[in-house]
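Q: what shape does this take:
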Amino acid sequence: PDRVLGIHFFNPATLMQLVEIIPGLATKPEHIALVKAIITAWGKTTVVAKDTPGFIVNRVARPFYSEALRIYEEGIADMATIDAAMKEQGFKMGPFELMDLIGHDVNYVVTETVWTQFYYDPKFKPALSQKRLLEGGFLGRKSGRGFYDYSPNAPHPEAKNDPVLKQSVFQRILAMLINEAADAVLQGVCSEAGADAAMKLGVNYPQGPFEFLSHWSVGEVVQLLDALDHLYRGERYRVSPLLRRKALPH
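A: Prediction:
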C-alpha cells in the first residue's frame, strides 16, 4: 500500500501538460517524490491532490457547466449568450460549446458521479436538460447534435449584444468557480497555487480561480453568493468559510 498512488493525465495526454498525482492513505512521501520526478522529466507539470471525488480539476470545473445550465434552464440567458460571456473574458470555449465537445456521455456522467460521491451535495447537482440530451443520444459533436446542431448548414444561434447581461453571467459562474476552489483548499485537496495551476493547465482557463479573485474584491464575491443563497435557499450557494475568512478585515 505504501507504493500505491494515482496518476491522472488529461486528454489528449500527449499534449496536455498537467498531471494530477493522488497519494493513497498509506503512500510514503518518497514514492510521491519519485513519481513527481519521473513525470516532470517527461516535460509535464504535476500537482498533488487529496483522494477526493473529482480530485482538483474535475471538481473545481463543475460550476463552469452546472451554473451555466441553471442560468439557461431558468431563461436568464440563452446558450449562445452564456458562451459568449465566458469567451469574452478569455475562456477558449463557452460551457455549452465545451460540453458538446467533451460529449454528454462523458461530461454528464462525471457531474453525476461527483454529485453522488459527495453524498448528493446540492452544489454538484446535475441538470435535467443535459440528461435528456444523453438519453436521446444527442451527445454533442460526436453525434452531430448536442446543445447545438452540427449538421451541415445548420444555423448557429447568435449571442445577444447585452454587455450588462454578459457581465452578470460571467460573474455568477466565476463566483461559483472561485467558491469551489476555496472549498477544495479548505478541505486540504490542494493549495491555492495548486488549484490555479491545475485549472490553467488542465482545462486551459485564462487564469486560475485565485488569480481571478486577486482582481475582484473578496467581499463582492461573498456578497454575490449570499444574494444567490438568499434567492434560492438550500445549500448550493453556501459561501466557503475560506472566502468568508478572506473577506474579514485584517
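Q: for the protein, what's the longest helix?
A: As assigned by DSSP state H, the longest helix anywhere in the chain is helix 163-186.
Q: got the contact list for the following helix or strand past it?
A: Next along the chain after helix 163-186, taking DSSP states H and E as the criterion, comes helix 192-203. Residues outside helix 192-203 that contact it (CB atoms under 8 Å, 6 or more residues apart in numbering) are 10, 16-18, 20, 45, 47-49, 56-57, 60-61, 64, 177, 181, 184-185, 190, 205-211. Bear in mind the C-beta positions are built from the backbone N, C-alpha and C, glycine included.
Q: at 6 Å instead, please
A: When contacts are defined by CB atoms under 6 Å, 6 or more residues apart in numbering, helix 192-203 is touched by residues 10, 17-18, 45, 47, 56-57, 60-61, 181, 185, 205, 208-211.
Q: repeat for stretch 143-158
A: Stretch 143-158 has contacts (CB under 6 Å, 6+ apart) with 79, 80, 96, 100, 133, 138, 140, 141.
Q: for the residue nearest in space to the middle of the chain, phi and psi?
A: Central residue of the chain (CA atoms, centre = their mean): residue 61, 0.7 Å from the mean position. Residue 61 has phi and psi values of phi -80, psi -10 when expressed as degrees, to the nearest 10.
Q: the nearest residue to residue 234 once chain neighbours are set aside: what's it in contact with?
A: Residue nearest to residue 234 in three dimensions, not counting chain neighbours: residue 122, with 5.4 Å by CB to CB, 6 or more residues apart in numbering. Contacts for residue 122 (CB under 6 Å, 6+ apart) come out as 234, 235, 236.
Q: of those, which belong to strands?
A: Within the contacts of residue 122, no residue falls in strands by DSSP state E.
Q: what is the nearest of those residues to residue 75?
A: Distance to residue 75 across the contacts of residue 122 (CB to CB) is lowest for residue 236, with 18.2 Å.
Q: pull the contacting residues for that closest one.
A: Each residue near residue 236 by CB under 6 Å, 6+ apart is listed here: 122, 123.
Q: could you do the one 4 residues further on as well?
A: Residues near residue 240 by CB under 6 Å, 6+ apart: 179, 182, 183, 186.
Q: equivalent analysis for residue 87, please.
A: Contacts for residue 87 (CB under 6 Å, 6+ apart) come out as residue 94.
Q: related to what we said a few turns ago, which ones among the contacts of helix 192-203 are found in strands?
A: Counting by DSSP E, the contacts of helix 192-203 contribute 18, 45, 47 to strands.
Q: want to throw those residues into TSV with distance to residue 250?
A: Shown next, in TSV, are those (distance: CB to CB, whole Å):
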residue	distance to residue 250
18	33
45	32
47	29
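Q: let me have the residues you listed in JSON lines, extended by neighbour count, pLDDT and distance to residue 243.
A: Shown next, in JSON lines, are those (neighbours: other CB atoms under 10 Å; pLDDT from 0 to 100; distance: CB to CB, whole Å):
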{"residue": "18", "neighbour count": "22", "pLDDT": "97", "distance to residue 243": "25"}
{"residue": "45", "neighbour count": "15", "pLDDT": "97", "distance to residue 243": "26"}
{"residue": "47", "neighbour count": "25", "pLDDT": "97", "distance to residue 243": "21"}
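Q: from residue 232, how far out is residue 186?
A: As for residue 186, its distance to residue 232 is 22 Å (criterion: CB to CB, to the nearest Å).
Q: the residue lying farthest from the centre of the chain in helix, strand or coil?
A: For the chain, the largest distance from the centre (CA atoms, centre = their mean) belongs to residue 153, which lies 31.6 Å off. For residue 153, the assignment made with DSSP: H, G, I helix; E, B strand; the rest coil gives coil.
Q: good, we can wrap up now.
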